[in-house]
Each structure stands twice: as structure tokens, then as C-alpha cells.
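Colleague: requesting a structural model of the entry that follows:
(2 chains)
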Amino acid sequence: QKEVEQNSGPLSVPEGAIASLNCTYSDRVSQSFFWYRQYSGKSPELIMSIYSNGDKEDGRFTAQLNKASQYVSLLIRDSQPSDSATYLCAVIYGGGADGLTFGKGTHLIIQP
Amino acid sequence: EAGVTQFPSHSVIEKGQTVTLRCDPISGHDNLYWYRRVMGKEIKFLLHFVKESKQDESGMPNNRFLAERTGGTYSTLKVQPAELEDSGVYFCASSQDGGQPQHFGDGTRLSIL
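Modeller: Alright, predicted model coming up:
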């Protein structure tokens, strides 16, 4: 069974520090990887997408993908209290199946 | 540009009744997905439409769930008859192409009493 694993947290980070969120997945042929942010009672909001090994940066966010280790991470620099939310890792395993497989999410708390 | 919209935002029905959820994708998005999150669990994929065709319905829990997308525009998800375990938040998402980022609606919170 294809799975996506995340530490549920809560992960507590002081304001201004770097928050590091991690995710592992079970299938080596996975093609597409996404990070979503979800505030309580709201819809998942796309933060980053990454498709190839290495780093991808967008503003304060950096996604890192290592397909050999089946590992994807999200770094948030200069963390702000507004970054406090649940971060969902999602994977498309491909092969014609484009539905997202989600992890349970990591609850991030930025302490002012 | 309007995002993905879902209706209703909340629905409370009794066991055995029927409920229909609606999703309007982002204009021009051929790919439409339904997901469900039950309490304490991760978001789970239900099915995927490409235009009006069901591309993948491997996540549909049982035959009490029926999804349609007539004309390839909006989609409906009907639960008939509803059971207690159907309670949860039902999300719809859309994307321009398969494999591309999916954009989510605010969800329908369904409570079965």
C-alpha cells in the first residue's frame, strides 16, 4: 500500500528561525510531490510543488527532494506567527493515477 | 479568477437520508478530483474525472457513493443512503492537467446523525 509519512508534531519553532518539515513516501516510481498548508477549518493551500531531485526555492520556502532516499522536505525561513498551520505532504504516484496521496500532516507552531 | 467552489459548506442529515454535494472547478480545468477527510485521518482520494469521464474511481468506498460530471463542468457527489461512517469533510480539487498542482475548494462538512 502506498503511504506518505509525516511526524504529526506539534513542531514548535521560535519566530525568525527556520522550520524544517519532513516527509517520506513508500513508492520509488513517484513522480510529483507537493506541500500544502492548511489552517484550521480551511482548504489545503498549495505552497510548493517539486518534480526532480534537488532544491526548489520560492520566497521563504524551499522544497527538497531526494528520490533515492524517498524523502521530501520543506524549509520555511524567517518563520512568522502566520506560518502556524498544518503542513500536508502529498504525492502523485503516477502510472495514470493522478489522485494525491496525503500524509496526516505536521502541526507547526511559530512562537512569537 | 474564481477558485474551486463547493456547496453546501455544511450539511447535517440523518442516517439513511440522501445528500448531494456539488463542486465547481476552476474554469478551464479538465481534471476534477474528490477527496474525503474523516476525523483523525489523512485526506483520502475518492475519484478523478477528466472532463466528463471517470479516470480513476479506485478510492470510492462503496456503491452508496455516486459521482457525476455531466458536460464536463461541475460535478456532484451523491451519498445514498448515508451511514454514520460517511461523516467527514469532502474536498473537491481541480487542475489544468493530470499530475499538475491541484487547487482545493473549502470543502463540505458532512455530519450524519
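
Colleague: now for the chain, the helix or strand with the poorest mean pLDDT.
Modeller: Since you didn't name a chain, this refers to chain A. Ranked by mean pLDDT, DSSP states H and E, the weakest helix or strand in chain A is strand A:97-102, scoring a mean of 88.

Colleague: if you could check chain B rather than the one you did, that'd help
Modeller: Min over SSEs of chain B, mean pLDDT, DSSP H and E: strand B:53-56 (a mean of 92).

Colleague: show me what the helix or strand following it is packed up against.
Modeller: Per DSSP states H and E, strand B:53-56 leads on to strand B:65-68 as the next helix or strand towards the C-terminus. With contacts taken as 3 or more CB pairs under 8 Å, 6 or more residues apart in numbering or on different chains; DSSP states H and E, strand B:65-68 sits against strand B:44-50, strand B:75-79. The C-beta positions use only the backbone N, C-alpha and C, and glycine is treated the same way.

Colleague: now find how far off-centre stretch B:87-101 is within its chain.
Modeller: Computed by CA atoms, centre = their mean, to the nearest Å, the chain-centroid distance of stretch B:87-101 equals 8 Å.

Colleague: what do you get for stretch A:7-16?
Modeller: The chain centre lies 13 Å from the centre of stretch A:7-16; the measure is CA atoms, centre = their mean.

Colleague: try stretch A:46-61
Modeller: The chain centre lies 10 Å from the centre of stretch A:46-61; the measure is CA atoms, centre = their mean.

Colleague: so the longest strand along chain A, near chain B or not?
Modeller: Using DSSP state E, we find that the single longest strand of chain A is strand A:85-94. Yes: against chain B, strand A:85-94 shows contacts by CB under 8 Å from any CB of the partner chain at A:88, A:92, A:94.

Colleague: which stretches of chain A form strands?
Modeller: Taking DSSP E as the test, the strands found in chain A are A:4-5, A:11-14, A:19-25, A:32-38, A:45-50, A:54-58, A:61-66, A:71-76, A:85-94, A:97-102, A:106-111.

Colleague: worst mean pLDDT among those strands?
Modeller: Lowest mean pLDDT within these: strand A:97-102, at a mean of 88.

Colleague: so which residues on chain B come close to chain A?
Modeller: Near chain A, when you scan chain B using CB under 8 Å from any CB, you find B:4, B:31, B:33, B:35, B:41-48, B:55-56, B:58-59, B:91, B:93, B:95, B:98-107.

Colleague: that's all I had, so thanks and see you.
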